[in-house]
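Colleague: How does the following fold in three dimensions:
(chains A and B)
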Amino acid sequence: MRLPQNLLRVRRRRGRIWPIYASRRELPLAELLISIYREHIDEKRWKLWEALEEVEMMDYDPKLVRGLSTILDGHCIYEMRSLVDPPEARRLVYRLTGGRGVTSMEERRRVLEEAAERYGITADDLDESLYADLEEEHYLIDFDPPEPMELLREYNLALTSTLLTYAREIDVHYNGRPDELEWLCREIGDHRIRQVDGETQITLRLPGRRRMASRAEDVENLLKALISLGDWSLWALIHYPASGRAYRFELLSHRDGWLLPSRGLYERINS
Amino acid sequence: MNSGLIRLRYEGGWLLAFGGPIPLAEYDPALDAYRAPGIRYREIVEELRDRGVEFIDEAFRPLDCLELSSGLRLRDYQVEALEAWRGAGFRGVIVLPTGAGKTVIALKAMEELNVSTLVVVPTLVLVEQWRERIHEAFNVDVGVVAGGRERLMPITVSTYDSASTRAGSLGNRFELLIFDEVHHLPSPTYSRIALQYLSPYRLGLTATPERSDGGHAALLELVGGVVYELGVEDLAGVYLAPYTIETVYLPLTGEERRRYEEEFGKYISLLEERGIRIESGEDYRKLVVRSGVDPEVRRALRARERALRIAYGSEVKLNYLRRLLREHPDENMLIFTRYNDLVYRISREMLIPAITHRTPKAERGEILNGFREGRYLRIVTSRVLEEGVDVPDASIAVIISGTGSSREFIQRLGRILRKRRGKRARLIELVSRGTAEIGMSRRRRG
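Modeller: The predicted structure follows:
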């Protein structure tokens, strides 16, 4: 999961950059958002959006609210509910108005009834179907809620991946030598592997011109593989897009690990 | 100081001089070279020649251009525009209303200079339109650098995005740069194109050079000043269809008025409480930035937004629209409004085909064709028909909202004017009386 660049929350100082992670302080917000999603099962998406906008109007950082909803959307299934194909239904009603539209409720009703008859449905159902394909008209049909702390961790992971998308160089150190990581690095780009006292050290250079989307996937996989290990550290040189400057970023398992999804995640995601 | 032969090279958008100093450049000790932005190339070379300084130019490697010849004929004002550009040393911006034939002028400019040319345009749709027009005119293969495609030809069309990311490698290959919709250029990313390319000849085209952030001053530096300008008024009736503008001031319903006052009042009282004055777009932008960290400002801005929506989508306006539909049953009508939800509301209530940026491509094409072929007499749309993309004739355009930007207003106007002669186009603007919207509508005129 990657967040849109405008939802990236970071601090920068003296050549260093770090994400503003969600921590226990944000648990009430996580709980609130999860319950809002839960309450909107079987509702149209625009109703959910309105409720989320209300939360943004409270004293929370709107970027955090939107970031967390982006993660929660990944736990949702949305579905169009329509008895007929909406674009086709629209074409039919436009044609029935002679391409002129209608100017009164009675006229509108007549056109909808005529169209509905051809489909063998009611005029009200047709009315509901006309724009059922718009995202806001989709229904939230299923929601698999994460634990609040897990939500925050998933968010933090997405935040880190998003930041690392702008990395030019990444250094990782970890104990042992699982093939997975080496194999991943080989996939991603230029790399150098060293063994120092049982510790594996990989320096990875990310090609500058790769497409952002595939880059995001690469760094996300790398990050997931790394945090599924017990003891690790990561340093990166980030070319932060908003400033055009380079910053150092540091992530250490013993200090930051608890902010990220727990071990075993990598296996779960790949299974 | 070094002496001997000066070598010019081009690297990553910079003109580098090794072996000795050149004018307008800074010394870079890391490179042991003098360094100037690409845009200085023409002046520097001219200056070196004037002074009789010998130099080897390894920087500029323009593509070879085939002989270009077309049977295009220009109208009087187009000839004048081209002359003005020539007189300014083949640099500068030509301002003409939409539909007045800017492309033809550009084609003639290419023909006259007969040099490698990069045409830079805002959208992929325009890339294809330009390539077609160039191919039609000169019957040459036209290159493209856009949307992941890259085929370099002496005449190539690119988007602002691609031309700016590829500046380092394309910047020394073209003698002439043509910027379509040049008002996009002064943004920080896009101005890189003008700054880094060596191209000595530059032509900017637009219907509306002004940007609200004062970017037009930057154009002077990047492309050259405005060398020729005609407004809609200068051409109407001669080359463009005659048109009329009517502004209809409508009241809100009592209930709408009450809600409007309530919401807008929240916004105003926050400004008063905080002693904030909004006198420019910049002031407003600052307020928006502040809303990111200040929930009270956030709530106030949202109240303002709600108030504007009430004014934009007033029931009185929609009734007026219904009346227009009834009064003109057989005329083509384009209906514009800023908000997508209002587009869909009109589409739903009046059963009129809608186009927004979310409309799937196939459906959009189907609706536009239907409109061209007379199957649909009305379209309601938000803002996707912008930027000179060919839109079918319409004899009436109704604007139910606006963003207060004069550029948008003129382009929308230009669109319905691009039509056959002899027809009288009507632009009808519906404004809610006694709301903040009136200020915007006036600002657009100004």
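Colleague: what about B:Ile178, distance to B:Arg202?
Modeller: B:Ile178 is 8 Å from B:Arg202, where distance means Cβ to Cβ, to the nearest Å. For the C-beta atoms, the positions are set from N, CA and C on the backbone; glycine is no exception.
Colleague: between those two, which one's more packed in?
Modeller: Using other Cβ atoms under 10 Å in any protein chain shown, the more surrounded residue of B:Ile178 and B:Arg202 is B:Ile178, with 28 against 25.
Colleague: how far away is that one from A:Tyr131?
Modeller: The value you get for B:Ile178 to A:Tyr131, if Cβ to Cβ is used, is 41 Å.
Colleague: where's B:Gly265 relative to B:Arg258, distance?
Modeller: For B:Gly265 relative to B:Arg258 (Cβ to Cβ), the value is 11 Å.
Colleague: next one: A:Leu27
Modeller: For A:Leu27, the distance to B:Arg258 - Cβ to Cβ - is 41 Å.
Colleague: do the same with A:Ser243
Modeller: For A:Ser243, the distance to B:Arg258 - Cβ to Cβ - is 47 Å.
Colleague: what do you get for B:Leu74?
Modeller: B:Leu74 is 58 Å from B:Arg258, by Cβ to Cβ.
Colleague: The two: which is more packed in?
Modeller: Counted by other Cβ under 10 Å, B:Leu74 and B:Arg258 do not tie: B:Leu74 has more neighbours, with 15 against 12.
Colleague: any idea which residue sits dead centre in chain B?
Modeller: Nearest to the mean C-alpha position of chain B, counting by Cα atoms, centre = their mean, stands B:Glu181 at 3.8 Å.
Colleague: Tell me which residue in the stretch 151-300 of chain B sits closest to chain A.
Modeller: B:Pro295 (4.7 Å; Cβ to the nearest Cβ).
Colleague: I'd assumed A:Asp61 was in contact with that residue.
Modeller: No. Using Cβ atoms under 8 Å, B:Pro295 makes no contact with A:Asp61, being 9.4 Å away.
Colleague: pretty sure B:Val343 is touching B:Thr381, no?
Modeller: Yes. At 6.4 Å, B:Val343 counts as touching B:Thr381 under the criterion of Cβ under 8 Å.
Colleague: Find residues that contact each of those two.
Modeller: Residues within reach of B:Val343 and of B:Thr381 at once, by Cβ atoms under 8 Å, 6 or more residues apart in numbering or on different chains, are B:Thr337, B:Ala354, B:Ile355, B:Thr356.
Colleague: can you list the domain ranges for the chain.
Modeller: Picked chain A for this. Domain ranges of chain A: A:86-132, A:165-270, per automatic domain parsing.
Colleague: was after chain B, sorry
Modeller: Split by automatic domain parsing, chain B gives B:6-57, B:76-231, B:243-251+B:314-445, B:254-312.
Colleague: from the ones you listed, which stretch is densest packed?
Modeller: domain B:76-231 (a mean of 20; mean count of other Cβ atoms under 10 Å in any protein chain shown).
Colleague: Up against chain A, what does the stretch 251-400 of chain B have?
Modeller: Residues of the stretch 251-400 of chain B that fall close to chain A, judged by Cβ under 8 Å from any Cβ of the partner chain: B:292-293, B:295, B:298-299, B:302, B:322-323, B:325-326, B:329, B:344, B:347-353, B:358, B:360, B:363, B:366, B:370, B:374-378.
Colleague: which residues of chain B score low on pLDDT?
Modeller: Scanning chain B with the threshold set as pLDDT under 70 gives B:1-4, B:99, B:209-216, B:232-233, B:235-245, B:383-393, B:401-424, B:434-446.
Colleague: Need the single longest helix in it, by residues.
Modeller: Scanning chain B for the longest helix, with DSSP state H as the assignment, gives helix B:254-274.
Colleague: What is the subsequent helix or strand relative to that helix?
Modeller: The element immediately downstream of helix B:254-274 (helix or strand, assigned by DSSP states H and E) is helix B:281-291.
Colleague: got the CA coordinates for that next one in PDB?
Modeller: Output of helix B:281-291 as PDB, limited to C-alpha atoms (Å, rounded to 0.1, in the frame of the first residue of the first chain):
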ATOM      1  CA  GLY B 281      -5.600  35.000  -4.400                       C
ATOM      2  CA  GLU B 282      -2.400  34.800  -2.400                       C
ATOM      3  CA  ASP B 283      -4.100  35.700   0.800                       C
ATOM      4  CA  TYR B 284      -6.700  33.000   0.200                       C
ATOM      5  CA  ARG B 285      -4.000  30.400  -0.600                       C
ATOM      6  CA  LYS B 286      -2.300  31.200   2.700                       C
ATOM      7  CA  LEU B 287      -5.600  30.600   4.500                       C
ATOM      8  CA  VAL B 288      -6.000  27.200   2.800                       C
ATOM      9  CA  VAL B 289      -2.500  26.200   3.800                       C
ATOM     10  CA  ARG B 290      -3.300  27.300   7.400                       C
ATOM     11  CA  SER B 291      -6.400  25.100   7.400                       C
END
